[in-house]
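K.L.:
Need coordinates for the following:
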Amino acid sequence: MICGPAFVCEYLHVGDDVYRDVYEPSEDSFLLIDALHVDLPDLVCRFGDTPISNVIEVGVGSGVVLTTYGLIWKQQCEQEQNATQNPLFWGSDINKRALAAAKDLLLHNNFAEEQLRLVEANLFNGVPEGQLFDVIIFNPPYVVTDQ
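P.N.:
Alright, predicted model coming up:
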């Protein structure tokens with residue numbers, strides 16, 4: 001599936017009933033995905049000389065951004081690193097239904113369950129203390145106002 005200039009993970013299998021309780025991917029999600037493709041190529045495979053080992057999306061929602069980042073990683077980095085160096089893909093969210101939707105999306109896009117760490121958390125509260133991340137993705141919700 002192509003949306004704008006960037007490749008986006010397959011998410012059309014998700015039913016409308018999920019989006020009653022989980023933020024549906026929209027323009028802001030796709031703009032962030034475009035940035036991952038265009039503006040952050042040096043952070044996809046490695047941070048400096050260190051291979052990426054832990055990626056988190058804070059407020060993972062449906063999981064479309066994290067899943068797409070993971071697919072970009074697979075496309076660009078998997079051959080560069082051996083299988084024992086595959087990163088862990090973390091998602092935190094305060095919404096249990098969002099975590100379930102993100103897990104479903106990651107599994108639907110052929111991620112191994114052992115690569116996933118989905119935690120119920122308010123931002124980082126709930127993420128194991130001392131856990132370090134090479135890449136932090138954050139696409140906070142916004143509220144439209146009159147101003």
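K.L.:
which stretches of the chain aren't confidently modelled?
P.N.:
1-20, 39-44, 47, 79-85, 142-144, 147 (pLDDT under 70).
K.L.:
how does it look with 80?
P.N.:
Scanning the chain with the threshold set as pLDDT under 80 gives 1-28, 30, 35-50, 75-85, 140-147.
K.L.:
Okay, the residue nearest the centre of it and Thr145: tell me how far apart.
P.N.:
Nearest residue to the geometric centre of the chain (Cα atoms, centre = their mean): Leu66, 1.0 Å. Distance check for Leu66 against Thr145: by Cβ to Cβ, to the nearest Å, it reads 28 Å. Yep, even glycine has a C-beta here, placed from its N, CA and C like the rest.
K.L.:
what's the answer for Asn109, then?
P.N.:
35 Å.
K.L.:
Out of the two, name the residue with the larger neighbour count.
P.N.:
Each of Asn109 and Thr145 has its neighbours counted (other Cβ atoms under 10 Å); Asn109 has more, 18 against 5.
K.L.:
so how far is Asp93 from that one?
P.N.:
18 Å.
K.L.:
what about the strands in the chain?
P.N.:
2-3, 6-7, 46-47, 50-51, 54-58, 88-93, 116-120, 135-138 (DSSP state E).
K.L.:
what's the most buried one of those strands?
P.N.:
Using mean count of other Cβ atoms under 10 Å, the stretch among the strands of the chain with the largest mean neighbour count is strand 88-93, at a mean of 24.
K.L.:
beta partners of the nearest residue to the residue nearest to the centre of the chain once chain neighbours are set aside?
P.N.:
Closest residue in space to Leu66, ignoring its immediate chain neighbours: Glu57 at 4.0 Å, by Cβ to Cβ, 6 or more residues apart in numbering. In this entry, Glu57 is beta-bridged to Gly91, Ile137, by DSSP bridges.
K.L.:
wait, isn't Glu57 in contact with Ala98?
P.N.:
No. Between Glu57 and Ala98 no contact is recorded; they are 10.6 Å apart, counting by Cβ atoms under 8 Å.
K.L.:
shared neighbours, the two?
P.N.:
Taking Cβ atoms under 8 Å, 6 or more residues apart in numbering as the contact rule, the neighbours common to Glu57 and Ala98 are Gly63.
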